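>>> The following comprises the amino acid sequence and a computationally predicted model.
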Amino acid sequence: MNKEGTLYTVVFIFIVSFAFVFLLSMTNQATIERVRLNEEIARQSAVLSAMGVEATTVEEIREEFARIASDEEEGLFAGRIDGRTVYAKEMSGSGLWGGIFGFLAVTADIQTFVGIEIVDDNETPGLGGRINEPWFKEQFESQRIPDDGITVRAGEADPERGIVDGITGATATSNAMQSIINRTVEQFRSPEIRARLEELAAQLASGGEV
Amino acid sequence: MSDVDTRPGAILKNNLWTSNPIFMQVLGICSALAVTNLLTNTAIMTIGVTFVTGFSNLTVSLLKKFMPRKVRMMVQTLIIAFYVIIVDIVLKAYLPEISRNLGPYVGLIITNCIIMGRAEAFAQSNDPIPSLWDGVTSGLGYMGVLMVIAVFRELLGFGTLFGFQILPDAFVPWTIMVMPPSAFFLLGIIIWVGKAAMNREGAPA
Amino acid sequence: MIEKLFQKQQIMRRVVGTLLVLLVFATYLYGWRVLAVNALVLVLGIATEWIFERARGKKVSEAVLVTCLLYGLALPPLVPFWVAAIGIIFAVAIGKEVFGGFGRNIFNPAITGRLFVYISFPTLTQRGWVEPRVPGFVRNLFGIDALTGATPLGFLADGATESVGFWQLFFGFRMGSMGESAVWLILLAAVYLIATRTAQWRLIASTFLSALLLQTVFYFTGLSEMVPHLAMMSGSILYVAVFMSTDPVSGPNKPGSQWLYGLIIGGTTILIRNFGGFPEGTSFGILLGNTFASLLDELMPKPKRKKKPAKKAPSREPAPSREGAKA
């Protein structure tokens, strides 16, 4: 058979493509469960971390997460942490290169942040990507929420006026975080979401497992 | 690259030094600029590249007898994409944290010119084992330069190395070192130093 | 000694002269620290160039004095000495010498160095202003009165126009980088440099006018709150238009491209001031202009007198020695 002929070429490409795609799907299949599990644990751990619950091992995360009332469809969570009710909600929005996705936790009166956690982002590693670093996230713990929202600005941190420190050199990411967080706070304050959160909190009080 | 010396030692020296992919061939620059601000990310990324270059070279070399000439680039791309996706899957499954940090960069390994360059320049005309070795050493040559850049960038940009605080708290981080442009002139300086050293050595430039 | 160290460049001496006047006035406004910073910058700048040029067997160009002073005067009065040092070494080594020394650099070295520290150390170079005290010599001796108050540009951006006085701006009694504040002195310098054919008037005019025009458009369409005539006297736009855009090495040579070049600088400045993440955009404007300078010259119709040699670098080298006949 002529190696440079059309038939041979087509058959060759077909076989090669088939073989590699087959191998890929095998690998994918073999790890898909693990990847899914990783994602689920990452998600649960993020919710807990936003709410200020410490849980490091997989077992701890599962155990602690089971104590939280959650509405996975709406991305709403309610928990009783250290005797007070804490709400958490998914937050998402667009950053510099792509979406930013995470969780925001607030007190039941929606006047104070409890914490934030970023699950996924495509910000520049080492630059905008620093929103994942503890110093950035810790600023939100017990930060009062001003009525007109918080401000994220590099080098001008002032908790009294609701200004948290942004990332120097990553203005776009800082601005994105500001608008994502403020939008999520707005959503927390909307009547439907508040009602749903209160329902979840009530489930907690009645000891209902979710 | 017509008559290449395929002795392992010669390949090693060639790829790590005399025709280092980064500072002699100036290939793979995009990723050199993008990921080098943290040593850990750089290490993982370059290990990924080394793995992909090695195995795509091996595979290309194994298949070269059956490969029709006119579609060889397509097949090379297919093979490279295959290994890149494998790396991506493995990172997602076993090192989710790192996978998250590297974000889109792992997928972009496929666009790294070094890999295709080695497949075309070496694997296409050499035996499988030397090809594997060539791919791995090319990856190492790439890794070496990127790690040097990353040491400077992480140290000056964050005051840390591999995430450990090295410089005192009084040190003011250089923001520009965190941003891609710094890699651009650091790379320039490294190329300069490398070539100067080479000229002194009297190697054919 | 001087003869041995420097190559003689008349054109550069005139610029150095005007910059020294600015330096004296800045010292008068902000205190002796201004002199100390500039002295350090000069020493390090000359030393850096000397190290490179010695390897080539050449003398230090007098242009490095201009670079040092332009860079030094573009810093805030309270800039830490080590920041000033890093910037000037970077400016001369990476901005100029790696390209082959005087006449071969693509980018204005002073701006390259300034932008390097401006981006690297934003908290140290975008602050550190000193309230002018007259006479500033004694009270600002060691720059103890650190103020993080706003510069006129900051006031204008926030719409606090009443905090900015026209005559204060004109005579330079305001916070800002060392050399950028004295509008009247910079205007005098411009007249002198144009009259002695040291600086090309077209570059100054196009940079300044395009910035003014764009700012006016933004102001009257409501996109910007900065009052145009005050905005043009604030920040470093005037300083940059007179001293930086006219750099014969990194700027274009043909009249048409000089107008476009100024347009790039002025336009970029105003866009960054109003919509960018940085308070001042002049440095970015210059670098962007530098990037396009050769291309603009290349795109302009060829002059009748003689064909340009294919090689760029050598053809540019003699330009400054033409004594400003066509700077």
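Sure thing, it's come through. It should be emphasised that the depicted structure is a prediction, and the values quoted were computed from it without experimental measurement.
>>> Up against chain C, what does chain A have?
A:154, A:155, A:168, A:169, A:171, A:172 (Cβ under 8 Å from any Cβ of the partner chain). The way it works is simple: take the backbone N, C-alpha and C, and place the C-beta from them, glycine included.
>>> whoops, chain B was the one
B:172, B:174, B:175, B:176, B:177, B:179, B:185, B:188, B:192.
>>> go with 7 Å
Within reach of chain C by Cβ under 7 Å from any Cβ of the partner chain, chain B has these residues: B:172, B:174, B:175, B:176, B:185.
>>> Show me which of the residues you listed are buried.
Among these, those buried by neighbour count (16 or more other Cβ atoms under 10 Å in any protein chain shown) are B:172, B:174, B:175, B:176, B:185.
>>> What sits closest to the second one if chain neighbours are left out?
By that I understand residue B:174. Leaving out its chain neighbours, the residue that sits closest to residue B:174 by Cβ to Cβ, 6 or more residues apart in numbering or on different chains is residue C:120, at 4.1 Å.
>>> From the residues of chain A next to chain C, keep the buried residues only.
Here, 16+ other Cβ under 10 Å leaves A:154, A:168, A:169, A:171, A:172 buried among the residues of chain A next to chain C.
>>> okay, among those residues, which ones form the most distant pair?
Spatial extent of these (Cβ to Cβ) is set by the pair A:168 and A:172 at 12.5 Å.
>>> measure residue A:17 to residue B:57 for me?
20 Å (Cβ to Cβ, to the nearest Å).
>>> Looking only at neighbour counts, state which of the two leads.
Higher neighbour count among residue A:17 and residue B:57: residue B:57, with 30 against 14, using other Cβ atoms under 10 Å in any protein chain shown.
>>> quick one: contacts for the more buried one?
B:118, B:119, B:122, B:123, B:131, B:132, B:134, B:135 (Cβ atoms under 7 Å, 6 or more residues apart in numbering or on different chains).
>>> which stretch of helix or strand covers it?
helix B:39-63 (DSSP states H and E).
>>> Just the buried positions in that helix, please.
B:39-46, B:48-63.
>>> helices or strands up against the lengthiest helix in chain B?
Criterion DSSP state H: the longest helix present in chain B is helix B:128-158. Packing contacts for helix B:128-158, counted by 3 or more Cβ pairs under 7 Å, 6 or more residues apart in numbering or on different chains; DSSP states H and E, involve helix B:8-13, helix B:39-63, helix B:113-121, strand B:160-161, helix B:175-178, helix B:180-201.
>>> about what we covered before: the contacts of residue B:57: which two are farthest apart?
Most distant of the contacts of residue B:57, by Cβ to Cβ, are B:119 and B:132, 11.8 Å apart.
>>> Name the residue in those two with the higher neighbour count.
Between residue B:119 and residue B:132, counted using other Cβ under 10 Å, the more crowded position is residue B:119 (27 against 21).
>>> Could you measure from the spatially most central residue of chain B over to chain C?
What sits nearest the mean C-alpha location of chain B, by Cα atoms, centre = their mean, is residue B:142, with 3.4 Å. Using Cβ to the nearest Cβ, to the nearest Å, residue B:142 is found at 24 Å from chain C.
>>> what's the answer for residue A:68, then?
For residue A:68, the distance to chain C (Cβ to the nearest Cβ) stands at 39 Å.
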